[in-house]
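**Q** Build me a structure from this.
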Amino acid sequence: MLKYSWIICFLLLAIQVSAQEPPPLSTCTDDVINTAHTLTGTYTPSNMQGFITLENDQFIENGEPYAVRGINYYPSQYPWRRFLVESDMDVIRQELTLLKEANLNSVRIFLWNEALFQCFGSGAIPNPSHFQRLDNFIQIASELDFRLIVTLNDLPDLTTYPLYDNPEHIVQQTVYIVERYRDEPAILAWDMRNEGDIDYGTHPNLQGNFDRETVLNWLNMTSQMIRVLDENHLITAGWLYDAESTAPYVDFISFHHWTNSRELAERIATIQSATDKPILLQEVGYATFGRTEQQQANALDEVLAATENAGLLGWMVWTAFDFPREATCFPSPCQSVNNQEHYFGLWRTDYTPKPAVEVIRSR
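**A** Okay, here's the model as predicted:
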């Protein structure tokens, strides 16, 4: 056994060094960096008029109250990691047109830095083709008169260069995104992080790897940075369970809800007792997997009515479209296990509407 002791010591030392010093990030040459910036170019804002503001606990659009009737959106064939990498703009226009015809007025999207940037060791070096997709998406949405909630820091690194340690390259990338789109009126708000409370374990089945103070300190620093960079847009953070904890750092509270309308009313009362900030129901939905399509429609009808009766800023349903199993698996070709995440859509994969679409259309 002793003859192997030096090997054991070496391995233990290597583990300690690895834990203390993460592997270096990849870098780009100056030529690659210059080419990336040249090909990405500057962003020209859309012709949409006026930024959304908050007055007397209401969103205001060009002097008039604006109630959010929204949807959380990924293209049916290009969800999650495929969204900014493979999306077809003609398909996106077709899908957003369906949403518009259902009387929806707001769309929430999700950005992940691994797709938008390259050579992380060189800072915020854009991936030109992926930023072009994002630019085009925003322009199409604005043409259809949608307001956007743009979620930053989706699918972040939580292990090697943890988001909540504020690694320099992530900060630079956030700065790049906010500065690029700060003059775009189609953007209603920046959402700093999707369900960051999961990362500190706000449910017995969701044991996070970070403590609450660390995550909220990050939220504080990030909101302060965005406010310095961008005076035009509101700020929020879409939390799952602990939404009231975001109040000091946001302009309005965003929370997610997955149970019935009675429990929704209780949750709204809890948040309202903790803060006087206005509230948005940012995610709510019911899968037609183990539930009929009519049951989905009935459940949505109840929670949306409860939201409107409570005088919230509005609601955003999860999600627009069902996802094919081969679309949720990445990288292709592959196929995901069949489960409920594929069936939250208001429309089926062939774009035929479920009964829930009429619930949305008639509100």
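
**Q** Secondary structure element for Ile268, which one?
**A** helix 261-274 (DSSP states H and E).

**Q** quick one: the strands in the stretch 1-150 of the chain?
**A** For the stretch 1-150 of the chain, the strands defined by DSSP state E, counting those that start in this stretch occupy 53-55, 58-61, 64-66, 68-72, 106-110, 117-118, 125-126, 147-151.

**Q** still on that earlier bit, and the helix holding Ile268, what does it pack onto?
**A** strand 253-257, strand 279-284, helix 293-309 (3 or more CB pairs under 8 Å, 6 or more residues apart in numbering; DSSP states H and E). Quick note: C-beta positions are derived from backbone N, CA and C, even for glycine.

**Q** how far is it from where the chain is centred?
**A** The chain centre lies 23 Å from the centre of helix 261-274; the measure is CA atoms, centre = their mean, to the nearest Å.

**Q** and that helix, what's its mean pLDDT?
**A** Regarding helix 261-274, the rounded mean pLDDT is 96.

**Q** Ends of stretch 249-260, what's the gap?
**A** Using CA to CA, to the nearest Å, the span of stretch 249-260 from its first residue to its last is 28 Å.

**Q** outside of it, which residues touch it?
**A** 54, 189, 191-192, 195, 216, 219-220, 222-223, 234-240, 243-244, 246-247, 263-264, 267, 271, 275, 277-285, 299, 302-303, 313, 318 (CB atoms under 8 Å, 6 or more residues apart in numbering).

**Q** Can you tell me the number of residues neighbouring Leu300?
**A** Per other CB atoms under 10 Å, the neighbour tally for Leu300 reads 24.

**Q** Could you give me the ChimeraX selection string for whichever of the contacts of stretch 249-260 are buried?
**A** Here is the ChimeraX selection string for the buried members of the contacts of stretch 249-260, based on 16 or more other CB atoms under 10 Å:
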select :189,191,192,195,216,219,222,223,234,235,236,237,238,239,240,243,244,246,247,264,267,271,275,277,278,279,280,281,282,283,284,285,299,303,313,318
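
**Q** What helices and strands are in contact with the longest strand along the chain?
**A** In the chain, with assignment by DSSP state E, the single longest strand is strand 187-194. Contacts defined by 3+ CB pairs under 8 Å, 6+ apart place strand 187-194 against strand 106-110, strand 147-151, helix 212-229, strand 234-239.

**Q** quick revisit: export the strands of the stretch 1-150 of the chain to CSV and append columns for mean pLDDT and distance to Asp135.
**A** Formatted as CSV, the strands of the stretch 1-150 of the chain follow (pLDDT from 0 to 100; distance: least, CB to CB, whole Å):
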stretch, mean pLDDT, distance to Asp135
strand 53-55, 98, 24
strand 58-61, 98, 23
strand 64-66, 98, 24
strand 68-72, 98, 21
strand 106-110, 98, 13
strand 117-118, 98, 15
strand 125-126, 98, 11
strand 147-151, 99, 12
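
**Q** so which of those strands gets nearest Asn34?
**A** Judged by CB to CB, the one of the strands of the stretch 1-150 of the chain that comes nearest to Asn34 is strand 125-126, at 10.0 Å.

**Q** which outside residues touch the closest one?
**A** Everything outside strand 125-126 that qualifies as a contact, by CB under 8 Å, 6+ apart, is 28, 32-33, 36-37, 40, 116-119, 176.

**Q** got a winner among those for most neighbours?
**A** Top of the contacts of strand 125-126 by neighbour count (other CB under 10 Å): Phe117, with 23 neighbours.
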